[in-house]
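**Student:** sequence? don't have it. structure:
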């Protein structure tokens, strides 16, 4: 999911957060330990960080120890989506706090810290971090109206106002230098905002889904801007920068960064059905066109070398895309949920196709994968329900997890001898797939790789396969027969899992 705080926008991801917790999203995070309703990790100094809370308390006093270890940190969004929580007390032991721990706690009105808390302060109900003078959280249950950030605050933290739908206006003092990632995401009542000349950085998706925001001026002081700060702002038509802005430019209403020649944002409120990206643009930035539902066609110049994560995510009217030979990479989720996209040609210049790049393109019937591509990413074509066939070139060595899952019209697929691994659930619920031959190069087949392939009647496995995950063929027809070499790993797998099998030479006696 790139840093994917679309978590704040999509209810599905909210549900996943409730059931799995943040440990599922952060591969590098140590495995959390559990103490009551808390999940925590042990830090290098022996203290602990709370990373997730599963309780349903209305009034909560966060403990200062867990399993005898001092609670010193509260992690990013650690108490997210606790909809019953109305009041919380943070102990003096906490010396550091991450991005808004109480995001989407929509009944929370009372955050309490002691007057002598060493690291935190509450001013007019809003939580701040003292060391970095950062606004951490304005509870989203506060009543409608404006809010003035105290003078002296330097940073508005990640997700600090996320889901504050009652917020209609904000006064930002000239002490503030940075606006974090997702800071005002889903502030649907926010109609206007004035950014002071002190602001130098605007984070990823800072104003995501501010659906009442119609225009704003970005001051000359801003030298750094993240992934589309205005994604899904479907009333935004006017982004203003000065003609001599040192870092940014607006061309025909579209925002660019000068240093890296990146297209940052085409406002979603634009009604024009086609758009020609200016020649000289080198990067289509993350989420640059996300949710531009009126866009039907796009012209990409041959100066562009990369298409960012989520670049065209949710462009539901986009019917066709021609990617020029200059492009070398297509990002994660780049064309996901482009459900009018019927075909796409990927040039030989592309060496990397990101995870879920074309997932849920439900009208996509044909794809050309060039022989420059070495791997097909996780979920790259998942839920492309109209895709009937695909040819994978000899350059591809791995097929990622869920790469073709739920491609319900996929009848045939040819795997080249270059492929060595087939990921978990790679062909899950490919309900029209009738047969497949696994080449001699493949050594591993993942968990549930062909689960739910309800039309699959035959599959050939080579001697090279030494690993097959659990449930690889579950919910396939009872008539499914696997052709396996004698005395092979695949044969033993069939025996252990009560699968029907035969040998390649089983009928040779008829020709003797």
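**Tutor:** That came in fine, so what should we check first? These numbers were taken from a predicted model, which means no experiment stands behind them. Numbers count the residues shown, from 1 in each chain.
**Student:** Identify the bridge partners of residue 202.
**Tutor:** The residues paired with residue 202 through beta bridges, assigned by DSSP bridges, are residue 179, residue 225.
**Student:** and it, what does it touch?
**Tutor:** If you count contacts by C-beta atoms under 8 Å, 6 or more residues apart in numbering, residue 202 has them with 178-179, 218, 222, 224-226, 229. In short, each C-beta sits where N, CA and C put it, glycine included.
**Student:** repeat that for 6 Å
**Tutor:** Applying C-beta atoms under 6 Å, 6 or more residues apart in numbering to residue 202 gives the contacts 179, 225, 229.
**Student:** next one: residue 446
**Tutor:** Residue 446 touches 422-424, 469, counting by C-beta under 6 Å, 6+ apart.
**Student:** Now tabulate the contacts of residue 202 in a markdown table and tack on neighbour count.
**Tutor:** Output for those, formatted as a markdown table (neighbours: other C-beta atoms under 10 Å):
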| residue | neighbour count |
| --- | --- |
| 179 | 26 |
| 225 | 23 |
| 229 | 28 |
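**Student:** Output the lowest mean pLDDT helix or strand found in the chain.
**Tutor:** When the helices and strands of the chain are compared on mean pLDDT, DSSP states H and E, helix 11-20 comes out lowest with a mean of 34.
**Student:** mind putting the contacts of residue 202 in CSV, pLDDT included?
**Tutor:** Converted to CSV, the contacts of residue 202 look like this (pLDDT from 0 to 100):
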residue, pLDDT
179, 98
225, 98
229, 97
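**Student:** sorry, back to before: looking at the contacts of residue 446, which are in strands?
**Tutor:** With strands defined by DSSP state E, the entries of the contacts of residue 446 inside them are residue 422.
**Student:** now, which of the contacts of residue 446 sits nearest residue 315?
**Tutor:** Nearest to residue 315 among those: residue 423, at 27.0 Å, using C-beta to C-beta.
**Student:** before we move on, the earlier item: any chance of the contacts of residue 446 in CSV with pLDDT as columns?
**Tutor:** Formatted as CSV, these follow (pLDDT from 0 to 100):
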residue, pLDDT
422, 97
423, 97
424, 98
469, 97
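**Student:** closest to residue 372 among the contacts of residue 202?
**Tutor:** For the contacts of residue 202, with residue 372 as the reference and C-beta to C-beta as the criterion, the closest is residue 225, at 31.5 Å.
**Student:** where's the closest one relative to residue 324, distance?
**Tutor:** 25 Å (C-beta to C-beta, to the nearest Å).
**Student:** Could you do residue 236 as well?
**Tutor:** From residue 236 across to residue 324, the span is 28 Å (C-beta to C-beta).
**Student:** Count the residues that sit near the closest residue to residue 238 other than its chain neighbours.
**Tutor:** Ranked by C-beta to C-beta, 6 or more residues apart in numbering and with sequence neighbours excluded, the top spatial neighbour of residue 238 is residue 215, at 3.3 Å. Burial of residue 215, expressed as a neighbour count using other C-beta atoms under 10 Å, amounts to 16.
**Student:** between residue 236 and residue 324, who's got more neighbours?
**Tutor:** Set residue 236 next to residue 324 and count neighbours by other C-beta under 10 Å: residue 236 wins out with 23 against 14.
**Student:** Let me see the contact set for the more buried one.
**Tutor:** Applying C-beta under 6 Å, 6+ apart, we find residue 236 in contact with 213, 230, 267, 269.
**Student:** same thing with residue 368?
**Tutor:** Contacts of residue 368 were listed using C-beta under 6 Å, 6+ apart, and they are 345-346.
**Student:** circling back to that earlier point, quick check, nearest of the contacts of residue 202 to residue 279?
**Tutor:** Comparing the contacts of residue 202 against residue 279 with C-beta to C-beta picks out residue 225 as the nearest, at 22.0 Å.
**Student:** roughly how far apart are that closest one and residue 386?
**Tutor:** 37 Å.
**Student:** So which residues of the stretch 351-500 of the chain form helices?
**Tutor:** Across the stretch 351-500 of the chain, reading from the start of the chain, the helices by DSSP state H, counting those that start in this stretch fall at 489-496.
**Student:** Can you pull the poorly scored residue ranges out of the chain?
**Tutor:** Within the chain, the stretches with pLDDT under 70 are 1-29.
**Student:** which residues of the stretch 201-350 of the chain fall in strands?
**Tutor:** 201-202, 215-217, 224-225, 238-240, 248-251, 254-257, 262-265, 274-276, 283-284, 297-299, 306-307, 320-322, 329-330, 343-345 (DSSP state E, counting those that start in this stretch).
**Student:** Residue 122 is nearest to which of the ones you listed?
**Tutor:** Within those, the stretch nearest residue 122 is strand 201-202; the backing value is 25.7 Å (C-beta to C-beta).
**Student:** quick one: buried residues of stretch 240-251?
**Tutor:** Taking 16 or more other C-beta atoms under 10 Å as the basis for neighbour counts, the residues of stretch 240-251 that come out buried are 241, 245, 247-250.
**Student:** Report the secondary structure element holding residue 122.
**Tutor:** Applying DSSP states H and E as the criterion places residue 122 in strand 120-123.
**Student:** Residue 82 too?
**Tutor:** Assigned by DSSP H and E, residue 82 belongs to no helix or strand.
**Student:** count of neighbours near the residue lying closest to it once chain neighbours are set aside?
**Tutor:** Spatially, and ignoring its direct neighbours in sequence, residue 82 is nearest to residue 105 (5.0 Å; C-beta to C-beta, 6+ apart). The local packing count at residue 105 equals 24, with neighbours defined by other C-beta under 10 Å.
**Student:** Tell me the secondary structure at residue 105.
**Tutor:** Three-state assignment for residue 105 (DSSP: H, G, I helix; E, B strand; the rest coil): coil.
**Student:** my guess is it meets residue 85, correct?
**Tutor:** Yes - the criterion here is C-beta atoms under 6 Å, and residue 105 meets it with residue 85 at 4.9 Å.
**Student:** Look up how far residue 315 lies from residue 275.
**Tutor:** Distance from residue 275 to residue 315, by C-beta to C-beta: 11 Å.
**Student:** more crowded one of those two?
**Tutor:** Neighbour comparison, residue 275 and residue 315: the larger count goes to residue 315, with 26 against 18 (by other C-beta under 10 Å).
**Student:** In stretch 55-67, which residues are buried?
**Tutor:** Buried positions in stretch 55-67, judged by neighbour count with 16+ other C-beta under 10 Å: 60, 62, 66.
**Student:** Nice, that's everything, thank you.
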